[in-house]
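*Asks:* Could you look at this predicted model? Sequence included:
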Amino acid sequence: MTSSASTSSVSPSLIVRADGQGTALGTRLASLLRSRGLRRTIVPLAILVGWQLLAEFGLINRRFMSSPLDIGVTLWAAARSGELFTNLGISLWRAAVGLLLGASTALVAGVVSGLSQRGEDALDSTIQAVRTLPYLGLVPLFILWFGLGELSKVLMVALGSFFPVYLNVFKGIRSVDERFIDLGHAYHLSRFAMVRDVIFPAALPSALVGLRYAIGTAWLSLVVAEQINASSGLGWMIVQANELAQTGVIMGALGVYAVVGILADALVRVIERRALSWQRAFKGA
């Protein structure tokens with residue numbers, strides 16, 4: 001009798017409210033599982049957890065390959081001392097200036113070569129010849145020509161970021177459908193209007209892909225420049241840590257490179273989505 005009385009005394013509104021809260025929670029969980037952000041982090045998190053477990057069970061020698069927890073502790077110590085942010089800021093400055101210089105120069109060269117056969121004849125063969133040179137072989141020459149200061153490092157980054165942008169801008173312009181060009185001529189568009197309204201929008205997707213590639217090559221070039229000829233920056237931290245056998249510092253600096261590269265790529269993808277909002281393209285099933 002007591003049990004039935006207590007059950008009957010429960011307010012129907014409380015039952016409805018509990019059901020509503022359960023439904024809302026289930027809806028939020030389902031929405032979270034459908035989130036692209038969560039899906040994109042599942043694999044990296046699984047790798048980190050598996051890596052840490054292997055280290056905890058002694059299946060990985062921490063002297064040669066630090067665990068994620070060890071790397072985090074090392075980065076935290078470097079951040080508290082200010083060393084990490086100081087060197088990261090220097091590396092970001094070098095990468096940004098070099099990328100801006102290399103990408104802007106490549107954009108001009110790509111437009112000149114793409115829009116004009118005479119421009120292609122004048123520039124493309126020389127650019128392709130320089131592109132095939134071994135990058136590491138140019139390092140001593142850059143030091144000899146431009147000294148040991150910041151200029152040689154920035155120019156190495158600029159050179160590394162030049163070719164992806166140039167190749168993709170050139171390819172994007174030359175891939176414009178001739179029917180669009182004929183349509184522009186039919187409407188008596190001027191050359192400037194043709195470039196602005198027809199060629200530029202059609203070549204923009206390829207150019208943005210080139211920029212994404214250039215960000216990656218800029219970081220790679222910076223690593224080389226800072227490890228061979230630097231007294232500051234993340235690459236310099238790696239060299240110093242290698243001499244002292246500090247594996248955690250080496251892997252932590254590489255992790256910072258990776259995170260900054262991912263964030264820079266994500267920024268370009270945001271720009272890409274907004275700049276190409278007019279484009280109706282397949283985005284995956």
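*Replies:* Perfect, I can see it now. Numbers count the residues shown, from 1 in each chain.

*Asks:* Could you use CA atoms for every contact and neighbour count after this?
*Replies:* Noted.

*Asks:* Please parse the protein into its domains.
*Replies:* Domain segmentation of the chain under automatic domain parsing yields 12-56, 68-275.

*Asks:* Any chance of these in JSON lines with mean neighbour count and distance to Arg62 as columns?
*Replies:* Listed next are the domains of the chain as JSON lines, based on neighbours: other C-alpha atoms under 10 Å; distance: least, C-alpha to C-alpha, whole Å:
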{"stretch": "domain 12-56", "mean neighbour count": "12", "distance to Arg62": "7"}
{"stretch": "domain 68-275", "mean neighbour count": "18", "distance to Arg62": "8"}
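
*Asks:* Please report how far Leu115 lies from Val108.
*Replies:* From Leu115 over to Val108 the distance is 11 Å, taken as C-alpha to C-alpha, to the nearest Å.

*Asks:* Kindly report the same for Ser125.
*Replies:* According to C-alpha to C-alpha, Ser125 and Val108 sit 16 Å apart.

*Asks:* now Lys171
*Replies:* 14 Å.

*Asks:* For Gly110, which residues are in contact?
*Replies:* Gly110 makes contacts with 165-167, 169-170, as judged by C-alpha atoms under 8 Å, 6 or more residues apart in numbering.

*Asks:* Please work out which residues outside stretch 126-144 touch it.
*Replies:* Under C-alpha under 8 Å, 6+ apart, the answer for stretch 126-144 is 152, 156, 163, 224-225, 229.

*Asks:* for those, which one is nearest Val73?
*Replies:* Looking at the contacts of stretch 126-144 and their distance to Val73, the nearest is Val224, at 26.1 Å (C-alpha to C-alpha).

*Asks:* Low-confidence stretches in the stretch 151-285 of the chain?
*Replies:* 229, 281-285 (pLDDT under 70).

*Asks:* again, 80 this time
*Replies:* The stretch 151-285 of the chain contains residues with pLDDT under 80 at 227-231, 245, 276-285.

*Asks:* and which of the contacts of Gly110 is nearest His185?
*Replies:* His185 has its nearest neighbour among the contacts of Gly110 in Phe170, at 21.5 Å by C-alpha to C-alpha.

*Asks:* residue boundaries of the helices in the stretch 151-285 of the chain?
*Replies:* Counting by DSSP state H, counting those that start in this stretch, the stretch 151-285 of the chain has helices at residues 178-186, 191-194, 200-228, 234-243, 247-275.

*Asks:* Nearest to Ala77, out of those helices?
*Replies:* helix 247-275 (10.1 Å).

*Asks:* So which elements touch the closest one?
*Replies:* In this structure, helix 247-275 packs against helix 68-81, helix 200-228, helix 234-243, with contacts taken as 3 or more C-alpha pairs under 8 Å, 6 or more residues apart in numbering; DSSP states H and E.

*Asks:* what inclination does the second one have with respect to helix 234-243?
*Replies:* What that stands for is helix 200-228. Relative orientation of helix 200-228 versus helix 234-243 (axes from the mean of the first three to the mean of the last three C-alpha atoms, to 10 degrees): 30 degrees.

*Asks:* Which neighbouring elements make contact with helix 200-228?
*Replies:* Applying 3+ C-alpha pairs under 8 Å, 6+ apart, one finds that helix 200-228 contacts helix 83-115, helix 150-174, helix 234-243, helix 247-275.

*Asks:* Phe200 is nearest to which of those helices?
*Replies:* With C-alpha to C-alpha as the measure, helix 150-174 is the member of the helices and strands packed on helix 200-228 nearest Phe200 (7.6 Å).

*Asks:* where's that closest one relative to the chain centroid, distance-wise?
*Replies:* The chain centroid and the centroid of helix 150-174 are separated by 15 Å under C-alpha atoms, centre = their mean, to the nearest Å.

*Asks:* how much does that helix deviate in direction from helix 83-115?
*Replies:* 40 degrees.

*Asks:* can you pull the contacts of Ile60?
*Replies:* Counting by C-alpha under 8 Å, 6+ apart, Ile60 makes contact with Leu54.

*Asks:* how close does it get to Ala106?
*Replies:* Plainly put, Ile60 is 44 Å away from Ala106 if you go by C-alpha to C-alpha.

*Asks:* what's the answer for Val249, then?
*Replies:* For Val249 relative to Ala106 (C-alpha to C-alpha), the value is 35 Å.

*Asks:* And for Trp236?
*Replies:* 28 Å.

*Asks:* same thing with Ile228?
*Replies:* Looking at Ile228 against Ala106, where the rule is C-alpha to C-alpha, the gap reads 26 Å.
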